[in-house]
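**Student:** Pasting a predicted model and its sequence here:
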Amino acid sequence: MIERATFAGGCFWCMVKPFDSWEGIHKVTSGYMGGHIENPTYEQVKKGDSGHLEVVEIQYDSSIFDYEKLLEIYWQQIDPTDAGGQFQDRGESYTTAIFVYNEEQRMLAEKSKEQLAASGKFSKPIVTVIRDAETFYEAEDYHQDFYKKSPDHYKEDLAQSGRVEFINKNWK
């Protein structure tokens with residue numbers, strides 16, 4: 001059965017690749033969720049006027065790949081203690097959130113957040129929010145599969161962001 005999971009983890013360019021290569025993952029799409037403007041543009045979201053977050057929507061076969069594994073991968077891509085954005089990308093549109101589509105996802109997301117908080121891995125509180133999923137707006141085509149279409153630009157942006165260093169320090 002194909003299900004959806006949607007995660008906000010800062011810049012969506014950096015959030016596609018970690019999910020993209022697993023068996024059971026059918027599609028990872030960059031987009032926007034959570035705001036008050038219908039069909040927002042990248043410029044509106046980036047400027048912070050729309051209330052949307054940059055997100056990735058993951059379509060996955062739950063008989064092959066479970067939601068708990070998606071959550072595990074998600075947590076390991078972000079700084080869950082940063083309420084102001086992620087790494088070099090600052091502002092509301094780059095904050096972290098788990099958007100849930102049903103009560104089972106909510107329960108699993110809350111449980112994983114509680115486990116992370118209790119683990120002692122971070123000295124600051126976990127600020128990633130769990131929200132009801134709203135309308136998903138697909139980002140412009142040039143944002144899709146950015147790491148494949150523009151590998152040099154992607155690698156440069158990733159290297160400058162501080163994300164890799166954070167992941168290596170806190171998750172490896």
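**Tutor:** Perfect, thanks for sending it.
**Student:** buried stuff in stretch 41-50?
**Tutor:** For stretch 41-50, a neighbour-count test (16 or more other C-beta atoms under 10 Å) marks 42, 44-46, 50 as buried. For the C-beta atoms, the positions are set from N, CA and C on the backbone; glycine is no exception.
**Student:** With pLDDT, distance to T81 and secondary structure added, can I get these in JSON lines?
**Tutor:** As requested, the buried residues of stretch 41-50 are exported to JSON lines (pLDDT from 0 to 100; distance: C-beta to C-beta, whole Å; DSSP: H, G, I helix; E, B strand; the rest coil):
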{"residue": "Y42", "pLDDT": "95", "distance to T81": "27", "secondary structure": "helix"}
{"residue": "Q44", "pLDDT": "94", "distance to T81": "28", "secondary structure": "helix"}
{"residue": "V45", "pLDDT": "96", "distance to T81": "23", "secondary structure": "helix"}
{"residue": "K46", "pLDDT": "91", "distance to T81": "23", "secondary structure": "helix"}
{"residue": "S50", "pLDDT": "95", "distance to T81": "25", "secondary structure": "coil"}
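**Student:** Could you tell me the end-to-end distance of stretch 123-140?
**Tutor:** Using C-alpha to C-alpha, to the nearest Å, the end-to-end distance of stretch 123-140 comes to 38 Å.
**Student:** buried stuff in it?
**Tutor:** Neighbour-count burial for stretch 123-140, counted by 16+ other C-beta under 10 Å, picks out 126, 128-131, 133, 136-137, 139.
**Student:** Strands - which of these land there?
**Tutor:** Among the buried residues of stretch 123-140, the ones falling in strands (DSSP state E) are 129-131, 137.
**Student:** and which of the buried residues of stretch 41-50 is nearest E114?
**Tutor:** V45 (29.9 Å; C-beta to C-beta).
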